[in-house]
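Student: Model the structure of this input:
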Amino acid sequence: MARNSDTALDYPLNPAAVRVLLIEDDLAEARFLQEVLKGVPRSRFQLSHAKRLGEAIAWLGQGSFDVALLDLTLPDSSGLDSLDVLIQQAPSLPVVVLTNTNDDTLAVSAVRHGAQDYLMKRSLQQEVLVRSLFYAIERQRAEDALRDANEILEDRVQARTAELEAANRHLRQEIEQRQRIQE
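Tutor: Numbers count the residues shown, from 1 in each chain. Okay, here's the model as predicted:
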């Protein structure tokens, strides 16, 4: 990652706009995050804000997003249950967890549950947030590509296995036929 003279970050993923689904019930924190993302030079973020998990799931049904920022304390869901439901509804959507809880155990659990990152709201800096969003998107894309490649490989292995089994059956039949002829 390089920094140029105007301190803008250069990321490998720099589309016209990054669609972010912010799931945060605290309006002040939502505005803060919106302002943080507005101030990013040479990057555009389209932020859609949901105050509840149910509202976020409705947003997911209406359009696609590149990444989600998820607060773990919502009026209609809390903790890792929120993360689990979101991932169940949108398995290929990278999720970055935002919380006021400085808990390493929770952070590790969130990542194990499928979050791409875990950030503390109180100490959030623009550079860290932007980097986390871009890395989350890239990691999810890499995971999806790896999953697709594994599925293709598995299909090829199954097809080749079927071919080999058919060839083995054919060889066994030939052997049996030659044995009968010799007898």
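Student: drop to CA atoms for contacts and neighbour counts, all remaining ones
Tutor: Noted.
Student: Low-confidence ranges, this protein, go.
Tutor: Judged by pLDDT under 70, the chain has its weakly predicted residues at 1-16, 42-43.
Student: Now do the helices in it.
Tutor: 27-38, 53-62, 80-89, 104-112, 126-182 (DSSP state H).
Student: Show me what counts as buried in the shortest one.
Tutor: When you say that, I think you mean helix 104-112. 107, 110, 111 (16 or more other CA atoms under 10 Å).
Student: just how off-centre is stretch 165-183 within its chain?
Tutor: 52 Å (CA atoms, centre = their mean, to the nearest Å).
Student: just to revisit the earlier point, CSV for the buried residues of helix 104-112, including distance to residue 86?
Tutor: Supplementary listing: the buried residues of helix 104-112 in CSV, determined by distance: CA to CA, whole Å:
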residue, distance to residue 86
107, 17
110, 12
111, 14
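Student: Could you let me know which of those residues ends up closest to residue 118?
Tutor: Distance from residue 118 was checked for each of these by CA to CA. The minimum falls on residue 107, at 5.7 Å.
Student: Enumerate every residue touching that closest one.
Tutor: For residue 107, the contacting residues are residue 118, by CA atoms under 8 Å, 6 or more residues apart in numbering.
Student: Report the separation between it and residue 162.
Tutor: Counting by CA to CA, to the nearest Å, the gap between residue 107 and residue 162 amounts to 45 Å.
Student: With residue 63 instead?
Tutor: 41 Å.
Student: Show me which of the two is the more surrounded one.
Tutor: More neighbours sit around residue 162 than around the other of residue 63 and residue 162, counting by other CA atoms under 10 Å; the figures are 12 against 8.
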